[in-house]
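1. What would the 3D arrangement of this be:
(chains A and B)
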There are 2 protein chains.
Amino acid sequence: MTTAEKTYDVIVIGGGAVGENVADITVRGGLRTVVVEAELVGGECSYWACMPSKALLRGTEALSEARAVSGAAAAVTGEQDVAATLARRDSFTSSWRDDGQVDWLRRAGIDLVRGRGRLSAPRRVVVTPPDGTTEVTLVARHAVAICTGSQAAVPTIEGLADVRPWTSREATSAQAAPGRLLIIGGGYVACEMATAWHALGSTVTMLVRSDRLLPGLEPAAGEAVADSLRKSGVDIRLCADVRSARREDGEVVLGTSDGDLRGDEVLVATGRAARTEDLGLDVVGMERSGYLDVDEDLRVTGVDGCWLYAVGDVNGRRLLTHMGKYQARQAGSAIVARARGQAVDLTDWSPHVATADRFATPSVVFTDPQVASVGMTAAQAADAGRAHRVVEYPIGQVGGARLFADDYTGTAIAVVDTEREVLLGMTFIGPAVAELLQAATIAVVGEVPIRRLWHAVPAYPTISEIWLRLLESYRG
Amino acid sequence: MTTAEKTYDVIVIGGGAVGENVADITVRGGLRTVVVEAELVGGECSYWACMPSKALLRGTEALSEARAVSGAAAAVTGEQDVAATLARRDSFTSSWRDDGQVDWLRRAGIDLVRGRGRLSAPRRVVVTPPDGTTEVTLVARHAVAICTGSQAAVPTIEGLADVRPWTSREATSAQAAPGRLLIIGGGYVACEMATAWHALGSTVTMLVRSDRLLPGLEPAAGEAVADSLRKSGVDIRLCADVRSARREDGEVVLGTSDGDLRGDEVLVATGRAARTEDLGLDVVGMERSGYLDVDEDLRVTGVDGCWLYAVGDVNGRRLLTHMGKYQARQAGSAIVARARGQAVDLTDWSPHVATADRFATPSVVFTDPQVASVGMTAAQAADAGRAHRVVEYPIGQVGGARLFADDYTGTAIAVVDTEREVLLGMTFIGPAVAELLQAATIAVVGEVPIRRLWHAVPAYPTISEIWLRLLESYRG
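-> Next up, the predicted model:
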């Protein structure tokens, strides 16, 4: 088999949002760039994660908000049209066709090679096309960026793999609500999909190994989401032990410490694993699979020469689309700088390093209530030995929140560095808090002193007035 | 008539939100404080402005948002319950009773004297009770703060005063939607009340002297609100000249350059005037009425001794509740510092001066679309001779906005200082942008460098991702 060979400045393995963003930056920097993708260009986020999950959730949220305002509630007399919601979701995924994304690559001047990419030597990537046609060898003058992302990790429970469980992919792309949906897991995928499918008609049972939902976030977040899910009728079993799985007459049967549980589908949402199999990492002396360790500018740690980067989920730093895209901008800038023989600035907050990964990672869980958080939780500040104070305030006492919804219930939790007098972290729990988060992210990233934040007056009457209440509480 | 006399550290004339906040700060600072109020404690904002207007608007907004999501729209089959909306508005104004506010004063340790306050000599205020009982003379050891606010200015149009026009007070407290509502004015009160009463059943005609709505804001704001109001059926007449007004058989008849216009009520929303009549300002040598000029720490300019402050609308700096409350915090801190013999720091962004009045005043117009803005508009930056660049981006192209509403239409306009590379101002126009504003306010107030803002990653998929688009557009 003859192998065609083609030389580029930059090879990007993986054409999801992260790979696309690396390529966008390097092409803008004048570097010839090729993206290698075996599945759909656009990746997990576009087809099987952020976009479809939020499209499934948005209608439920909008109706819940209207029902929470007396006067408006009277107008909401019907039910959500499930078929229309699924159709809307399909439109956000372009019905799982990537023509639009491929077109975007073309217009951006980025080449695309379809197939699986594997390192065959330093700076060399062999691509095996999906149809088994001739392999292509790509050679990178400057950099290879691995942006292959992550996939659902299916735990080793007896029989589980054989019952064809849903992962986040099936949960976000299903064409009908299962009658009974079992969910193994209690993280954000589990919580969001429980919210979505319950609202669209499924009877949902969550089996959570931990003693709370949303571990890693402020404990109040998981408690609020659990309360709300339970009130809506979702059965949540904490500290649950799933021992086996089987299909019987189409039904899924999970063997648990509490006995058998039956459902129509089971969603496994217990974590993610790096997609690093068959990437040829042995070429750079790496034996083990798993997340790829990277330096501050996203270069794979321990690889000779400044050419191999791992960006996005695959490095395990922050498994969030927006953080992967952020890393892509930083790594892309570092690649361009090195290609031009310019210095790469490895100090915190430089354009070449992903400092926010460590200090200011925002995330939103689109449940009801939503959970929006950035930076350190109280527990993380304590673990890091930072002098800090935690300030909590019930969002429902803010005028803007009371106007937003009758009986608005929510909490804001600020973690303040008492030595430097800056914000270390913030968590908002409540309806429609997603858009409150960017203010906290800017405060954390900008290291804006508390003393100065007093001058950032929230407009009245908005929910953002919570900022004033938190400052007042901090002052005491 | 014998006059009782009572000595305090601080006398606050006017018990609206601003006066309450001055008193709160001075009492917390250990100063005996009395508030003088002739009407309802809580003031304009609580009973006849922010709270009732937003309560009137919120139901309409929530329904509009639900109707904008296919799938959810199917559930909105009924109409808003106008009586329930008015009842909800009444609950937000406590049905125009101030017991709750009076109770708050008591619990805060602030004395209340009901009546009109008037300076009789420096540091002396005579209060005439509403029932004509014995006058009380109050003496201030440290400070008198005038917090009397503003009132609607009724223009001198022939006959207008005699037709008992609505002002913002009647427009926010009316117990039924008038069949035909004429509105004179095109500012935020006019636009919000047109939006509210149109949605609650009135046929609305706006007569606007200017050639656009919302003067003072980015021109795109007024255009977007005008387009939307017109589409919904509001008749907007720009460059309108109202010459006379009369009542005929209960109808209001306005004589305009286009002929007579008939309605059931007419709302005058053409501006505000300081409430400074009969305050005894001649005592400090001030003859003219109108807004009171103040120094940076809110002291009335040109008055001997550091004892007379004018805080909130009455100083004409920024006629917004939240800015008045901000000024109250700053002035209150200055009063406490001076009473303790401490230095008052008059530099920008100190705890004693209202710097944000000049550089970072946020405001939200609760129309559909909403308009949320802070800092300088492009025109203001040009007028001030600041080296700047304007960056615009259509919010509807952001994934989070498309998820929020089908056919989301909106615009973000950033004004960047190209010398210091910081944000000077931001305007968001679009549905539900009110809560996006605080992020911009913190960026402006914190003077966070653009270079650092790249690290403030917006969570995906939220509308806040507009920040990334604006940064990318600025980079070019």
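
2. Name the nearest residue to whichever residue of the stretch 251-400 of chain A sits closest to chain B, sequence neighbours excluded.
-> Residue nearest to chain B within the stretch 251-400 of chain A (Cβ to the nearest Cβ): A:H322, separated by 3.9 Å. C-beta coordinates here come from the backbone N, C-alpha and C atoms, glycine included. Distances taken as Cβ to Cβ, 6 or more residues apart in numbering or on different chains put B:Y460 closest to A:H322, at 3.9 Å, once the chain neighbours are dropped.

3. Now do the contacts for the one you found.
-> A:45, A:50, A:320-322, A:325, B:399-400 (Cβ atoms under 8 Å, 6 or more residues apart in numbering or on different chains).

4. three-state assignment of it?
-> coil (DSSP: H, G, I helix; E, B strand; the rest coil).

5. Got phi/psi on it?
-> In terms of degrees, to the nearest 10, the main-chain angles of B:Y460 are phi -100, psi 140.

6. A:E135 too?
-> Torsion angles, degrees, to the nearest 10, at A:E135: phi -70, psi 150.

7. hang on, A:V36 packs against A:I11?
-> Yes. Under the criterion of Cβ atoms under 8 Å, A:V36 makes contact with A:I11 at 6.7 Å.

8. Who has more neighbours out of the two?
-> A:I11 (32 against 27; other Cβ atoms under 10 Å in any protein chain shown).

9. Check which helix or strand the more buried one maps to.
-> Here A:I11, judged by DSSP states H and E, is contained in strand A:4-13.

10. Can you list the buried residues in that strand?
-> For strand A:4-13, a neighbour-count test (16 or more other Cβ atoms under 10 Å in any protein chain shown) marks A:8-13 as buried.

11. Put together CSV for the residues you listed, with pLDDT on each row.
-> Formatted as CSV, the buried residues of strand A:4-13 follow (pLDDT from 0 to 100):
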residue, pLDDT
A:Y8, 98
A:D9, 98
A:V10, 98
A:I11, 98
A:V12, 98
A:I13, 98
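
12. which ones are touching the residue nearest the centre of chain A?
-> Compute the mean C-alpha point of chain A, and by Cα atoms, centre = their mean the closest residue is A:L320, 3.0 Å away. The contact partners of A:L320, by Cβ under 8 Å, 6+ apart, come to A:361, A:363, B:459-460.

13. would you turn those into JSON lines with pLDDT and distance to B:A240?
-> Shown next, in JSON lines, are those (pLDDT from 0 to 100; distance: Cβ to Cβ, whole Å):
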{"residue": "A:T361", "pLDDT": "98", "distance to B:A240": "53"}
{"residue": "A:S363", "pLDDT": "98", "distance to B:A240": "50"}
{"residue": "B:A459", "pLDDT": "97", "distance to B:A240": "45"}
{"residue": "B:Y460", "pLDDT": "94", "distance to B:A240": "46"}
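
14. Buried ones from the residues you listed, can you make that a ChimeraX selection?
-> In ChimeraX syntax, the buried subset of the contacts of A:L320 is picked out as below (16+ other Cβ under 10 Å):
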select /A:361,363 /B:459,460
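
15. Can you tell me which of the contacts of A:L320 is nearest A:A343?
-> Checking those against A:A343 with Cβ to Cβ, the nearest one is A:T361 at 26.8 Å.

16. How about the residues of the stretch 1-150 of chain A by chain B?
-> For the stretch 1-150 of chain A, the contact set with chain B under Cβ under 8 Å from any Cβ of the partner chain comprises A:45, A:50-51, A:54-55, A:58-60, A:62-63, A:65-66, A:68-82, A:84-88, A:92.

17. Helix, strand, or coil at the residue lying closest to A:P219 once chain neighbours are set aside?
-> Of all residues not flanking A:P219 in the chain, A:R212 sits nearest, at 6.4 Å (Cβ to Cβ, 6+ apart). The local conformation at A:R212, judged by three-state DSSP, is coil.

18. so the strand or helix carrying A:G324 versus strand A:4-13, what angle?
-> Per DSSP H and E: A:G324 is located in helix A:321-339. Angle, helix A:321-339 to strand A:4-13, by axes from the mean of the first three to the mean of the last three Cα atoms, to 10 degrees: 130 degrees.

19. ok, then the element right after the host helix or strand of A:R107?
-> Per DSSP H and E: A:R107 is located in helix A:99-108. For helix A:99-108, the succeeding helix or strand toward the C-terminus, using DSSP H and E, is strand A:111-114.

20. Packing partners of that next one?
-> Under the contact criterion of 3 or more Cβ pairs under 8 Å, 6 or more residues apart in numbering or on different chains; DSSP states H and E, strand A:111-114 touches strand A:33-37, helix A:99-108.

21. Could you rerun that using 6 Å?
-> strand A:33-37 (3 or more Cβ pairs under 6 Å, 6 or more residues apart in numbering or on different chains; DSSP states H and E).

22. Now do the strand it packs on, average pLDDT.
-> Across strand A:33-37, pLDDT averages out at 98.

23. What of stretch A:319-328?
-> Across stretch A:319-328, pLDDT averages out at 97.

24. what's the answer for stretch A:175-195, then?
-> The pLDDT scores in stretch A:175-195 average 98.

25. and it, how far apart are its ends?
-> By Cα to Cα, to the nearest Å, the extent of stretch A:175-195 from end to end equals 17 Å.

26. Let me know the next secondary structure element after the lowest-mean-pLDDT helix or strand in chain A.
-> Lowest mean confidence among the helices and strands of chain A (mean pLDDT, DSSP states H and E): helix A:43-48, at a mean of 94. Going down the chain from helix A:43-48, the next helix or strand is helix A:50-67, by DSSP H and E.

27. check contacts around A:Y47.
-> By Cβ atoms under 6 Å, 6 or more residues apart in numbering or on different chains, A:Y47 lies in contact with A:40, A:93, A:96.

28. From the residues you listed, keep the buried residues only.
-> Among the contacts of A:Y47, those classed as buried by 16+ other Cβ under 10 Å are A:40, A:93.

29. Closest to chain B out of the contacts of A:Y47?
-> Nearest member of those to chain B, counting by Cβ to the nearest Cβ, is A:T93, at 11.9 Å.

30. hmm, back to that, in the helix holding A:R107, which residues are buried?
-> Residues of helix A:99-108 classed as buried: A:101-102, A:105 (neighbour count, 16+ other Cβ under 10 Å).

31. which one of these is nearest chain B?
-> Nearest member of the buried residues of helix A:99-108 to chain B, counting by Cβ to the nearest Cβ, is A:Q101, at 13.1 Å.

32. All good on my end, thank you.
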